[in-house]
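Enquirer: Quick one: sequence and predicted model below, then my questions.
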Amino acid sequence: MAFETVIKGGRVIDPASGLDDVRDVAIAGGKVAAVEASIDSGGAEVIDATGKIVTPGLIDLHTHIYWGVTYWGIEPDPVAAKTGVTTWLDVGSAGSYTFPAFRRYVAEASKAKVFSLLNLSAIGLVAPTWELSNLDYCNVDLATMMIDQNRDLILGIKARIDRNTTRGTGIRPLELARELADRVGLPLMVHIGAGPPTIDEVAEHLRPGDILTHCFTGGDMKILNDDGKVNPTIKDLQDRGLVLDIGHGTGSFSFETTEAMFAQGVMPDVISSDIHQMARQGPMFDMPTTLSKFLSFGMSLPDTIARATSRPAAAMRRTDLGTLAVGSAADVAVWTLEEGEFTFYDVDLNARTGTTQLVNTLTMVDGKRLEEQPELPMHPWTKLPERQHPVIGLRPGQAIG
C-alpha cells in the first residue's frame, strides 16, 4: 500500500486499542493504514514525532461552537488547529428552530467533525440563559421531528437545569427532556450549577448512559453532600453507567471539589472544556490546559487522554472515533509534554501548580493537517465575570502577577 503520510517515532497513546508505546503511524486515503514499530515511508510525507506524543484527535464532549447566532459560540476550526480537538460535540447551542442553520453553517462548513446535542428549548442558547423559563419553547413533538430528520448529527438531548435557566418552571423542563430522550432513544446531558432544583431532584431523572455535566462544580448542586461525601445516588448511577463529565467553562470547575472527589476514588468519566467565548479567555483557555490540570492532580497521561478520546466517543455512541485503530479516520494530534512549573486556576481563581503541560504541535482531520487561522472576534458582550478579570491576557499555565 502506498502511504501518504507517516508519523514516525512518537509515543503513541491510543487508549481504545490499549496501546502506549513508540510506534510509527501511516495514513492513506484519510484513514489509519498501519501502526507498527517501524514503517517504510517510501515516498510518503514524513512527520518526525521523536520525543513527542501521538494520540487520536481529541473529542470535546461539551462545547459551544455556534458563532454569531448564540451568546456563547466560538468557531471550531481555528481553535481545533491549535489544540488537537478533531471532534466537537456542541451541547444545546441549537434548538429545533435554530438547528437547520447550525447544520449548514457549522457542521457542514467545518473541517473538524461536528455533532450536536439538541437543546430541549426550541430557541437554544440564543441568549445567555432563561431558555427553559417558558415551557412553550419545550416542544417535545417538534424536537422529535428535528432529531428524526438529523440523526447523523444529533446524538442526544441537552437540558440546562439550574435556577436561572428554569426560572419559574421548576423541574418540569427536566421531565420533558427525559420524555424526549426516551422517545428518541438517545442519551440526555443535564447541566447542573446553582439551584433550585436540588441535585437529588435531578438524579431522579437520570439513567445509565446519560451524561451529568459540570460534575465537579462547586455550586450548591454539586455531587458532594454537606458532609463532604459523594452523593450515594450519583455514585450508584455512575457505577451503572451514568457518565460524569467535567464541562470546565467559566463557572463549573472547582479544585476543592476535585480534591474531595479524588480522595474518595471518584473520577470523571470524561474531561471536556465547555469552551465558549468567555471560557476561551481563561481560566479554562482550551482542552490542553484543562487536561493539564488533571495531570497536576496525579492522573496518568494515558488515563487523561482516554477521558478526551475513547471515553467521550463511547458516551456519544461513536466508537469509530477517538482511536488510531487501523481503518479508523486519521484524526490525529501530536503533542509535546513540557516540563517546568505551571500555574493553573479553577473558576474561582484558586491556584494549583503543575509540573507538566500538554502543548499541541499538529492536528490532523481525515489525514489532512489543519492549518492555523485567525479566530473570529469576540462578541461585545463576552466579558469574563469580575472575579476572573486577573486572568485576562495571561497565557495558559502562567501565574497571575
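Expert: Structure's in. What do you need?
Enquirer: contacting residues for Leu362?
Expert: 47, 332-334, 369 (CB atoms under 8 Å, 6 or more residues apart in numbering). (C-beta placed from N, C-alpha, C; glycine too.)
Enquirer: Using CSV, write out the CA atom coordinates for stretch 75-90.
Expert: Taking Å, rounded to 0.1, in the frame of the first residue of the first chain, the C-alpha atoms of stretch 75-90 are listed here in CSV:
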residue,chain,number,x,y,z
GLU,A,75,-15.9,29.0,15.6
PRO,A,76,-14.4,25.4,15.9
ASP,A,77,-11.7,25.1,13.2
PRO,A,78,-9.3,28.0,14.3
VAL,A,79,-9.2,26.6,17.8
ALA,A,80,-9.0,22.9,16.7
ALA,A,81,-5.8,23.6,14.7
LYS,A,82,-4.1,24.8,17.8
THR,A,83,-5.5,22.4,20.4
GLY,A,84,-5.7,18.9,19.0
VAL,A,85,-9.5,18.7,19.1
THR,A,86,-10.8,17.0,16.0
THR,A,87,-14.3,16.2,17.1
TRP,A,88,-16.6,18.8,18.7
LEU,A,89,-19.9,18.0,20.4
ASP,A,90,-21.9,21.2,20.6
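Enquirer: and that stretch, what's its mean pLDDT?
Expert: In this model, stretch 75-90 has an average pLDDT of 98.
Enquirer: what do you get for stretch 158-175?
Expert: 97.
Enquirer: same thing with stretch 338-356?
Expert: Looking at stretch 338-356 alone, the average pLDDT works out to 97.
Enquirer: can you start the count at 41 instead of 1 from here on
Expert: That works, and once the first residue is 41, the last one we named lands at stretch 378-396.
Enquirer: Touching it from outside, list them.
Expert: Judged by CB under 8 Å, 6+ apart, the contacts made with stretch 378-396 from elsewhere in the structure are 258, 288-296, 298, 322-324, 329, 332-333, 335-336, 377, 397-399, 427-428, 430-431, 437-440.
Enquirer: ok, 7 Å please
Expert: Taking CB atoms under 7 Å, 6 or more residues apart in numbering as the criterion, the residues outside stretch 378-396 that touch it are 290-295, 323, 332-333, 335-336, 377, 397, 399, 427-428, 430-431, 437-439.
Enquirer: Would you format the contacts of Leu402 as CSV with distance to Ser161, pLDDT and secondary structure included?
Expert: What follows is the contacts of Leu402, written out as CSV (distance: CB to CB, whole Å; pLDDT from 0 to 100; DSSP: H, G, I helix; E, B strand; the rest coil):
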residue, distance to Ser161, pLDDT, secondary structure
Ile87, 44, 98, strand
Val372, 36, 99, strand
Ala373, 34, 99, strand
Val374, 39, 98, strand
Arg409, 38, 98, strand
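Enquirer: Which of those residues sits closest to Tyr137?
Expert: The nearest member of these to Tyr137, counting by CB to CB, is Ala373 at 34.9 Å.
Enquirer: looking at it, the closest one is touching Gly97, isn't it?
Expert: Yes - judged on CB atoms under 7 Å, Ala373 makes contact with Gly97 at a distance of 5.0 Å.
Enquirer: coming back round to it: show me the contacts of stretch 378-396 that map onto strands.
Expert: In strands, defined here by DSSP state E, the members of those are 377, 397, 399.
Enquirer: For the second one, give the beta-bridge partners.
Expert: Applying DSSP bridges to Gln397 yields these beta-bridge partners: Glu378.
Enquirer: swap in the one 5 residues further on?
Expert: Each beta-bridge partner of Leu402 is listed here, defined by DSSP bridges: Val374.
Enquirer: Scan the ones in strands among the contacts of stretch 378-396 and report the most crowded one.
Expert: When the ones in strands among the contacts of stretch 378-396 are compared by neighbour count (other CB atoms under 10 Å), Gln397 ends up highest, at 23 neighbours.
Enquirer: OK, contacts around that residue?
Expert: 332, 378, 382, 437.
Enquirer: and what of Ile432?
Expert: Counting by CB under 7 Å, 6+ apart, Ile432 touches 321, 424.
Enquirer: That one and Tyr385, how far apart?
Expert: Distance, Ile432 to Tyr385, using CB to CB, to the nearest Å: 12 Å.
Enquirer: which residues do Ala373 and Gly97 both contact?
Expert: With CB under 7 Å, 6+ apart as the test, Ala373 and Gly97 both reach 124, 126, 403.
Enquirer: Kindly reformat the ones in strands among the contacts of stretch 378-396 as TSV containing distance to Ala74.
Expert: Below are the ones in strands among the contacts of stretch 378-396 laid out as TSV (distance: CB to CB, whole Å):
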residue	distance to Ala74
Leu377	25
Gln397	31
Val399	27
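Enquirer: for the longest helix belonging to the chain, packing partners?
Expert: Counting residues, the longest helix found in the chain (DSSP state H) is helix 212-224. Under the contact criterion of 3 or more CB pairs under 7 Å, 6 or more residues apart in numbering; DSSP states H and E, helix 212-224 touches helix 180-189, strand 194-200, strand 228-231.
Enquirer: Present these as JSON lines; the columns should include mean neighbour count and distance to Gln278.
Expert: As requested, the helices and strands packed on helix 212-224 are arranged in JSON lines below (neighbours: other CB atoms under 10 Å; distance: least, CB to CB, whole Å):
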{"stretch": "helix 180-189", "mean neighbour count": "16", "distance to Gln278": "26"}
{"stretch": "strand 194-200", "mean neighbour count": "26", "distance to Gln278": "18"}
{"stretch": "strand 228-231", "mean neighbour count": "25", "distance to Gln278": "14"}
